[in-house]
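> Mind folding the following:
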Amino acid sequence: MNFSIQPVLENDKVLLIPLKEEDFEELYKVASDAEIWKQHPNKDRYQREVFLTFFNGALLSKGAFKIVDKATGKTIGSTRFYDYNETDDSIFIGYTFYAVDCWGKGFNQSVKIMMLNYIFKYVSKVIFHIGANNIRSQIAISRLGVTKTGEQEVAYHGEQPKLNYVYEINKKEWLSHHADAL
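Alright, predicted model coming up:
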């Protein structure tokens with residue numbers, strides 16, 4: 001891999017900053033709202049010990065970010081690049097969550113577009129795992145032109161396997177919808 005999966009990324013709405021160990025308390029303040037996790041595969045991530053396992057997995061991925069709202073300077077969530085596959089020329093984007101007061105305000109789409117524009121400079125395919133019961137995320141990801149390609153049991157770091165839907169988009173498809181992307 002001759003590119004970074006943890007650069008600083010910025011647009012007019014958000015700043016993605018590489019996640020560090022010292023970000024735990026700030027990010028946990030966001031993640032401690034049980035409403036965030038109701039549709040996610042692990043509904044207990046609002047609990048401190050469960051979130052700590054999730055957070056440690058994020059650090060180990062070396063591709064995780066805290067998401068900062070540029071208008072307020074507040075941390076509003078997290079996302080990451082993970083599981084780069086050189087042979088398949090692919091990478092995953094996921095493990096994304098936002099503070100409830102950010103829902104429906106364009107943050108997710110803004111972040112995903114920025115991440116896709118960046119990563120398609122280096123890979124030809126991006127894959128997403130979305131929890132089978134996470135309707136909110138399934139709707140959000142469909143707005144980006146991705147295609148559901150299957151279902152898969154996924155074992156998140158330190159957690160039991162859960163059913164996820166697999167979505168994909170390739171660089172050619174992305175550029176056909178976002179000609180100015182790269």
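
> Pull the residues that contact the host helix or strand of Asn117.
Per DSSP states H and E: Asn117 is located in helix 107-119. For helix 107-119, contacts defined as CB atoms under 8 Å, 6 or more residues apart in numbering pick out 5, 7, 9-11, 13-14, 16, 67, 69, 76-77, 79, 81, 91, 93, 96, 98, 126, 140-141, 143-144, 169, 174, 178, 181-182. In short, each C-beta sits where N, CA and C put it, glycine included.

> In strands, which of the residues you listed appear?
Applying DSSP state E to the contacts of helix 107-119, the entries found in strands are 9-10, 14, 16, 67, 69, 76-77, 79, 81, 91, 93, 96, 98, 126, 169.

> Buried ones among those residues?
9, 14, 16, 67, 69, 76-77, 79, 81, 91, 93, 96, 98, 126, 169 (16 or more other CB atoms under 10 Å).

> now the helices for the chain?
Ranges of helices within the chain are 24-31, 48-61, 107-119, 135-142, 171-177, based on DSSP state H.

> can you list these in JSON lines and add distance to Met1 and mean neighbour count?
JSON lines is the format used below for the helices of the chain (distance: least, CB to CB, whole Å; neighbours: other CB atoms under 10 Å):
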{"stretch": "helix 24-31", "distance to Met1": "26", "mean neighbour count": "16"}
{"stretch": "helix 48-61", "distance to Met1": "13", "mean neighbour count": "16"}
{"stretch": "helix 107-119", "distance to Met1": "11", "mean neighbour count": "19"}
{"stretch": "helix 135-142", "distance to Met1": "24", "mean neighbour count": "16"}
{"stretch": "helix 171-177", "distance to Met1": "17", "mean neighbour count": "15"}
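
> of all those, which lies closest to Glu86?
helix 107-119 (13.8 Å; CB to CB).

> mind listing what Ser137 touches?
Gln39, Thr96, Ile130, Gly131.

> nearest to Glu21, of these?
Of those, the one sitting nearest to Glu21 (CB to CB) turns out to be Thr96, at 20.0 Å.

> dump the residue contacts of that closest one.
Thr96 touches Gly77, Ser78, Thr79, Arg80, Asn108, Val111, Ser137, counting by CB under 8 Å, 6+ apart.

> Would you check these and say which has the weakest pLDDT?
Note: of the contacts of Thr96, the lowest pLDDT belongs to Ser137, at 91.

> Low-confidence ranges, this structure, go.
179-182 (pLDDT under 70).

> Show me how far stretch 166-182 is from its chain's centre.
17 Å (CA atoms, centre = their mean, to the nearest Å).

> And stretch 63-76, by the same measure?
Worked out by CA atoms, centre = their mean, stretch 63-76 lies 13 Å from the chain centre.
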